[in-house]
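K.L.:
need coordinates for the following:
(2 chains)
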Amino acid sequence: MEAIDPNVYRLAIFVLAIFVGYYVVWSVTPALHTPLMSVTNAVSSVIIVGALLAAAAPMVEEGGLARWAGLAAVVLASVNIFGGFLVTQRMLAMYRKKERPAAPAKSEGGE
Amino acid sequence: MSPNIAAILYLAAGIFFILALRGLSSPETSRRGNYFGMAGMAIAIGVTLILAGASGMTLVLIIAGIAVGGTIGAVIARRIPMTAMPQLVAAFHSLVGMSAVLVAAAALYRPEAFGIATAGGGLKGLSLFELAMGSAIGAITFTGSVVAFTKLQGLVSGAPVVFKGQHWLNLGMGVAIAVFVVFLVASGGEAKTAFWILTLIAFVLGVTLIIPIGGADMPVVISMLNSYSGWAAAALGFTLENTALLITGALVGSSGAILSYIMCKGMNRSFISVILGGFGGESAGPADGGPQGMVKQGSAEDAAFILKNARKVIIVPGYGMAVAQAQHALKEMADAMKAEGVDVAYAIHPVAGRMPGHMNVLLAEAQVPYDEVFELEDINSEFSNADVAFVIGANDVTNPAAKEDPQSPIFGMPVLEVWKAGTVFFIKRSLGSGYAGIDNSLFFRDNTMMLLGDAKKMTESIVKSMH
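P.N.:
Below you'll find the model as predicted:
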């Protein structure tokens, strides 16, 4: 029998991750749908891994384009990563329970 | 670092991202979830930097790039008003889209930098297909998000832009993209022009796909673009053979798709009809002929008296509340009522804001405890027990026509059944129609009292009258 193409394994990971995403996202409380969007936005900037590899490509005579494209993508993705996580954090910090409004914030700071 | 260890660390990053989303199942666990997300990102970036082996000037440039982007992002995150979250998210989506295009281009020109080059230094057909898809979806996400941003920011009118043959044009462009993808793959990656042409077409397609969609459907559009940005990332995850990207792309893609579905259901619109667009433009003014029937108007004093003496009050906030910046005055009003022993709850319609969950964030910002805020299906049965329903800045989501009038364009849409409450207060600037351009018969009911005026000023004068 022939060996299985690694792409098939990748497809398997992808399909399973879609299922994980499906169940995890349905379990998100509707009150947090806006933070969900901002955090998915931040994590999708993991595309920066591609940008970093391109930006760090060894210098060659005609390879300038890839390096600059990579560097530009590093900047764009960084805006997203920092902006996305921080704005999510800012939003989540606002969600308070009924009783003592200060208490949950404090226990959070201790982590 | 051995590629195997790197792959395992990328997997770990992907799992951290899953945990980040899982944390959002409740506000208590959400903050920790966000830290998981950050940890996952730190791992992914760290591993990649080591793998890439950048040094010297290149490393300096990269660090500078991260610092510049990071600073811009951090400043925006700190300053952005919560009412502007939809625009911000749209803008962020556009960045993911653009990054995808850039990374795809880089992979096409320098496959060896990603370790995906064939022996001859070219690319496999499959890789070419994947990166072309990544670039096309990324390009659509980019321009689509830019259009969504300009609409949400009010830079252009939210009205749908429709022209004859629009859907055929879009279809044609879709086919053209497919043709150039085939061309690129067939050429073994030599036909770089094909790559740029298909990307260019996708940029145009992003615009023509989003312009026909009206302002009222924006929550669906943002969710949809969220989904697209995920699929773009996933496509490149295949190209770059990177597990973290694959997992993330799948998560984000399905997340956006689910949110689109929830938003469509909230408006009782099929996804297809939203995409085809042309709805929700007539946001300006009442229909000709004016509203019919008798309207009971009340003053802030009347409202204050009735609210104070109620047992149970349900507040129904809509986007108009946020526009008027009335959420803080509203919180004060709720506090004054609670001091009088009134039971106060908030009812949120799924499409109450301009994006999924927007209203919840705005209320949280005004320090409304989240356990006083309820979703439509959890609170709709409560209206019949409530003495007062207090509608502020919402309209269409309370329209009884959705239940009673099969002729209405919103018939079948789930609505908050405020009319079942003893008294309905309705704060509104004028008796005009709502965002969907539909008259609301609620205004003319016997148990409805209209409080005409600016939401913030009216709420403030109610608070004053309570003391």
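K.L.:
quick check: the gap between B:V221 and chain A.
P.N.:
The spacing between B:V221 and chain A, counted by Cβ to the nearest Cβ, to the nearest Å, is 12 Å. C-beta: built from backbone N, CA, C; applies to glycine.
K.L.:
could you do B:K265 as well?
P.N.:
Taking Cβ to the nearest Cβ, one finds B:K265 at 12 Å from chain A.
K.L.:
so who does A:L36 touch?
P.N.:
When contacts are counted by Cβ atoms under 8 Å, 6 or more residues apart in numbering or on different chains, A:L36 touches A:25, A:28, B:21, B:24, B:255, B:259, B:356-357.
K.L.:
10 Å instead?
P.N.:
Going by Cβ atoms under 10 Å, 6 or more residues apart in numbering or on different chains, A:L36 touches A:24-25, A:28-30, A:88, B:20-21, B:24, B:30, B:223, B:226, B:255-256, B:258-259, B:356-357.
K.L.:
next one: A:V74
P.N.:
Per Cβ under 10 Å, 6+ apart, neighbours of A:V74: A:48, A:50-52, A:54-56, B:45, B:61-66, B:68-69, B:99, B:102-103.
K.L.:
what do you get if the cut-off is 7 Å, keeping everything else the same?
P.N.:
By Cβ atoms under 7 Å, 6 or more residues apart in numbering or on different chains, A:V74 lies in contact with A:48, A:51-52, A:55, B:62, B:65-66, B:69.
K.L.:
list the residues that contact the residue of the stretch 51-200 of chain B found nearest chain A.
P.N.:
Relative to chain A, the nearest point of the stretch 51-200 of chain B is B:G69 (2.7 Å; Cβ to the nearest Cβ). Neighbour list for B:G69: A:74-79 [criterion: Cβ under 7 Å, 6+ apart].
K.L.:
for those, which entry has the maximal number of neighbours?
P.N.:
Neighbour count (other Cβ atoms under 10 Å in any protein chain shown) singles out A:A77 as the most crowded of those, with 35 neighbours.
K.L.:
mind listing what it touches?
P.N.:
A:A77 neighbours (Cβ under 7 Å, 6+ apart): A:45, A:47-48, A:51, B:69, B:95, B:99.
K.L.:
got CSV for the residues you listed, with pLDDT and secondary structure too?
P.N.:
CSV is the format used below for these (pLDDT from 0 to 100; DSSP: H, G, I helix; E, B strand; the rest coil):
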residue, pLDDT, secondary structure
A:S45, 94, helix
A:I47, 95, helix
A:I48, 95, helix
A:A51, 95, helix
B:G69, 96, helix
B:L95, 96, helix
B:S99, 96, helix
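K.L.:
out of the residues you listed, who's the most crowded?
P.N.:
A:I47 (37 neighbours).
K.L.:
so what's the most centrally placed residue in chain A closest to, chain neighbours aside?
P.N.:
Computing the C-alpha centroid of chain A and ranking residues by Cα atoms, centre = their mean puts A:V43 first, at 0.5 Å. The shortest distance from A:V43 to any residue other than its chain neighbours is 4.6 Å, reached at B:F17 (Cβ to Cβ, 6 or more residues apart in numbering or on different chains).
K.L.:
so the one you found versus B:L236, what's the distance?
P.N.:
16 Å (Cβ to Cβ, to the nearest Å).
K.L.:
what sits closest to the residue of the stretch 51-200 of chain B closest to chain A if chain neighbours are left out?
P.N.:
B:G69 sits nearest to A:S78 (Cβ to Cβ, 6+ apart), 2.7 Å away.
K.L.:
pretty sure B:L451 is in a strand, no?
P.N.:
Yes - with DSSP: H, G, I helix; E, B strand; the rest coil as the criterion, B:L451 is part of a strand.
K.L.:
any figure for the gap between it and B:V313?
P.N.:
Distance from B:L451 to B:V313, by Cβ to Cβ: 14 Å.
K.L.:
same check on B:K331?
P.N.:
Distance, B:K331 to B:V313, by Cβ to Cβ: 13 Å.
K.L.:
so which of those two has more stuff around it?
P.N.:
More crowded of B:K331 and B:V313, by other Cβ under 10 Å: B:V313, with 26 against 19.
K.L.:
contacts only, for that one.
P.N.:
By Cβ under 7 Å, 6+ apart, the contact list for B:V313 reads B:307, B:337, B:342, B:344, B:386-388, B:390.
K.L.:
secondary structure element holding it?
P.N.:
B:V313 is part of strand B:312-317, with elements assigned from DSSP states H and E.
K.L.:
for that strand, buried residues please.
P.N.:
B:312-317 (16 or more other Cβ atoms under 10 Å in any protein chain shown).
K.L.:
what element comes up after that strand heading to the C-terminus?
P.N.:
helix B:319-323.
K.L.:
which outside residues touch that following helix?
P.N.:
Contacts of helix B:319-323 (Cβ under 7 Å, 6+ apart): B:83, B:327, B:330, B:352-354, B:362, B:392-394, B:455.
K.L.:
sec struct for the residue nearest to B:A113 when sequence neighbours are not counted, please.
P.N.:
Once flanking residues are discounted, B:A113 sits nearest to A:A57: 3.4 Å by Cβ to Cβ, 6+ apart. Assigned with three-state DSSP, A:A57 falls in the coil class.
K.L.:
repeat that for the one 3 residues further on.
P.N.:
At A:V60 the chain is in coil, as set by three-state DSSP.
K.L.:
and what of the one 5 residues further on?
P.N.:
When the structure is reduced to helix, strand and coil (three-state DSSP), A:L65 reads as helix.
K.L.:
what do you get for B:M38?
P.N.:
B:M38 is classified as helix under three-state DSSP.
K.L.:
is it true that it touches A:F82?
P.N.:
No - look at B:M38 against A:F82 with Cβ atoms under 7 Å: they stay out of range, at 9.7 Å.
K.L.:
this completes my enquiry, with thanks.
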